[in-house]
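Chemist: Sequence first, predicted coordinates after that:
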Amino acid sequence: MIGPKIDASKARELVEKTVDAVPGLRRRSREPASQSASGSMPMPEPALPVIPTMGVGSLAVPGWFSLLVRQMRNEAVGEDDRDELFADALRLAVGDQIEAGLDILSDGEVRRQRFVFEMHDRLTGLRRLETRRKLGVHGYDQVPQFEVTGNIEAPQGLGIVEDYEKLRDAAPGRALKIAVPGPLTLASMVHRARRSEESVLDDLVRVVRREVERLLQAGARRIQIDEPGLAHPTHGLSLAAAAQMVNRCIEGTSARFSVHVCFGNNLGRPVSSRDLARLMPAFDALIARELVLEFANREMAQVDLLASIPDRFDIAAGVVDVKSFYIESADDVARRLQMVLDHVPAQRIVATADCGFSALPRQIARAKMRALVGGAALVRGSAAPIESGVKV
């Protein structure tokens, strides 16, 4: 369906007003790269408090961004317009996180809309299959699916290194993280291979591994492997084999790696069994430094299992429910964090959301981020409760 035509001057005016409305947010325009450019020594991270706060990855975007992305797909937006669109969206993503008080910032994945569903466009050796169900409610059976036609490669990379560099330049002096789709999640949309499944999976591991290596060269210190695919491995993989695929992407490297395992969040809905107990052997096999797990939307069920996770892992606990429009108070978040603290010491806890905020309206996502920060502050004993009502 062709989106409504919009007046370019009015759209630009709306973008400018939205960007300028974020307190303390400076506009940057084609500035030279910082001293932490590719191959050089990254800048030191700022000190973080006990129980630092962060988002998982994606952030909610303003309505004008969604409208212009649709226009872009209809070829109604030029290359310079596109660059300006994404640059403004990144500034807002950074500004929303700073305004909320998050300690560790992401790029909001504004250039990677729809999670990994469009990431396969950067891969060769694949042919997109016709969607078998096009009518009715949108669901997981309507996400892109692909057939293997040759060796799977990413000649220009996955674009995440460039996203990290833009984030680094937009938020100097901040603790940063960047998320990379894991090989299991990429593989979940690849089918009907004319080669062995093992060789196809090897290709995807190499693609992710190469992106990770380039991120390290660009100075990334915190890299998150997004692996909802670990909760329901495809291609007949056992949980142990699936964990080893993730390990192959990061082994022998020195960054602080996180593995984000959730049960799906397409339009706020899960896709797999939400039983953490069955995943414990896979967690034990991972070589990452941090596990990013969801609890809030499961009403903190099985939080006691954290006590049996090896203490080599930090736990980024999801204490804000991104699958609900209910806006938590700081007290709600603090109570959930206290339940995590019953099983994990504060020095190993990061407070986060269950998943990315992209399936929520922006004003609700911003309120939830403020509640996350307020709840962590309450637990640290460093602040009074923060009001968490919607504020545009």
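Modeler: Cool, got the structure.

Chemist: which residue packs closest to the residue nearest the centre of the chain, ignoring adjacent ones?
Modeler: Centroid-nearest residue in the chain, with Cα atoms, centre = their mean: Gly57, separated by 2.4 Å. Nearest residue to Gly57 in three dimensions, chain neighbours excluded: Ala179, at 4.1 Å (Cβ to Cβ, 6 or more residues apart in numbering). C-beta: built from backbone N, CA, C; applies to glycine.

Chemist: How about the secondary structure of that neighbour?
Modeler: For Ala179, the assignment made with DSSP: H, G, I helix; E, B strand; the rest coil gives strand.

Chemist: Can you give me the distance of it to Pro361?
Modeler: Distance of Ala179 to Pro361, computed by Cβ to Cβ, to the nearest Å: 22 Å.

Chemist: what does Asp202 give?
Modeler: Taking Cβ to Cβ, one finds Asp202 at 41 Å from Pro361.

Chemist: do the same with Gln302
Modeler: Taken as Cβ to Cβ, the span from Gln302 to Pro361 is 29 Å.

Chemist: same thing with Leu237?
Modeler: 36 Å.

Chemist: Kindly report the same for Ala377.
Modeler: 25 Å.

Chemist: what does Pro62 give?
Modeler: 10 Å.

Chemist: Counting neighbours, go ahead and name the busier of these two.
Modeler: Pro62 (19 against 15; other Cβ atoms under 10 Å).

Chemist: Give the phi and psi angles for the more buried one, as a check.
Modeler: Backbone torsions of Pro62, given as degrees, to the nearest 10, read phi -70, psi 160.

Chemist: Is it correct that it is in contact with Arg362?
Modeler: Yes - taking Cβ atoms under 8 Å as the definition, Pro62 is a contact partner of Arg362 at 5.5 Å.

Chemist: where's Asp202 relative to Met245, distance?
Modeler: Where Met245 is concerned, Asp202 sits at a distance of 9 Å (Cβ to Cβ).

Chemist: When those two are compared, which one has more neighbours?
Modeler: Neighbour tally, Asp202 and Met245, criterion other Cβ under 10 Å: the higher count belongs to Met245, 23 against 16.

Chemist: Packing partners of whichever strand or helix holds the more buried one?
Modeler: For Met245, the element it lies in under DSSP states H and E is helix 239-250. When contacts are defined as 3 or more Cβ pairs under 8 Å, 6 or more residues apart in numbering; DSSP states H and E, helix 239-250 packs onto helix 183-187, helix 197-217, strand 222-226, helix 280-285.

Chemist: All good on my end, thank you.
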